[in-house]
Structure formats: C-alpha cells, structure tokens
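Novice: Provided below are the primary sequence and the corresponding predicted coordinates.
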Amino acid sequence: MSLDGTGEFSSSEICCPHCCKKEHKDGSVTYYHQILGARIVHPNQSNVIPLCKEGIQNGDGSAKNDCERNDAKRFIGNFKREHPHLKVIILGDGIASHAPYIRLLESHKMKYLLGTKRGDHQCLFDTVDASEET
C-alpha cells in the first residue's frame, strides 16, 4: 500500500475554515488543501486500488496546519481497525522514514519499505558507508 501526500487545491484568494495557510516572506498568503492518498499496488499489476483519502487540514481551526505525518498516523489506525486481517507492506517516501512512524507501523504489525535521502538521514548513510569500507 503506497501512501503519499499530494495537493488538491491552492489559491491566494479563495479559502475556507479548513484551509491550510502558508504565509510568504513578501506578505502574501496561499490557502491550500492537501490529502494523503493511499493505493493498493502490486509490481506485477498495472491496476491500482485507491482507498479513501484522508484530508490534511488546518489542525486547530485557525492557525496551526496539520501535516502528512499526523495524517498518516490517523490513516494507519483507521485502516487497521477497518481491515484488521489484511496484510500490506507500506510504501513511503522520505517524510515517513523516521522512528515514531516506524514504531507505529510495527505496533500494528505492518511491514514497510521507506525511501530516504542522504541529506535527511546522514547518520544512517554514515553507518552504511562505514560498513562498506570494512
């Protein structure tokens, strides 16, 4: 199951009470909506099965934006409650490759493949580099 955040709406003029808000250095504001998309995928199949999206919204109703990480935590909990016996491998990008999220997946007995980049996880890459030298 592939999980990833994506934009759904963006405007500098139109907004609603649930919009996330980005304030730019020049004083302008962008209002936007994002979602966490989940798809069941298989490397040998061209079809994907989309699951219900989870909205990333303005967290407290006025100032603090929600984020993809929190959204993924809610989604995983809801998914396991609704499909307790469905075994999946979670595919995620670099934003998901951090200890609290990995502990969440492991607490739900979920397998995972998470991407990472050298700049985001330097300690990991230093360890790998050191192991290749010996």
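Specialist: Arrived safely. Numbering: from 1, shown residues only.

Novice: contact partners for residue 24?
Specialist: Applying C-beta atoms under 8 Å, 6 or more residues apart in numbering, we find residue 24 in contact with residue 30. The C-beta positions use only the backbone N, C-alpha and C, and glycine is treated the same way.

Novice: phi, psi of it?
Specialist: When quoted as degrees, to the nearest 10, the phi and psi of residue 24 stand at phi -90, psi 160.

Novice: kindly report the same for residue 43.
Specialist: The phi and psi torsions at residue 43 (degrees, to the nearest 10) take the values phi -60, psi -20.

Novice: count of residues packed around it?
Specialist: Using other C-beta atoms under 10 Å, residue 43 has 4 neighbouring residues.

Novice: for residue 29, see how far away it is.
Specialist: 42 Å (C-beta to C-beta, to the nearest Å).

Novice: got it, and residue 130?
Specialist: From residue 130 to residue 29 the distance is 46 Å (C-beta to C-beta).

Novice: what element comes up after the longest strand seen in the chain heading to the C-terminus?
Specialist: In the chain, with assignment by DSSP state E, the single longest strand is strand 29-40. Per DSSP states H and E, the first helix or strand lying C-terminal to strand 29-40 is strand 49-50.

Novice: I'd like the next helix or strand past that next one.
Specialist: Remark: after strand 49-50, the chain's next helix or strand is strand 54-56, criterion DSSP H and E.

Novice: quick one: contacts of the helix or strand following that next one?
Specialist: Using DSSP H and E, the next helix or strand after strand 54-56 towards the C-terminus is helix 68-82. For helix 68-82, the external contacting residues (C-beta under 8 Å, 6+ apart) are 1, 3, 5, 34, 36, 38, 51, 54-56, 59, 90, 92, 95-96, 98, 101, 104-105, 108, 110.

Novice: so what secondary structure elements neighbour the host helix or strand of residue 5?
Specialist: Element membership for residue 5, per DSSP H and E: strand 2-11. With contacts taken as 3 or more C-beta pairs under 8 Å, 6 or more residues apart in numbering; DSSP states H and E, strand 2-11 sits against strand 29-40, helix 68-82, strand 89-92.

Novice: residue 125 reaches residue 118, doesn't it?
Specialist: Yes. Residue 125 is within contact range of residue 118, at 4.8 Å (criterion: C-beta atoms under 8 Å).
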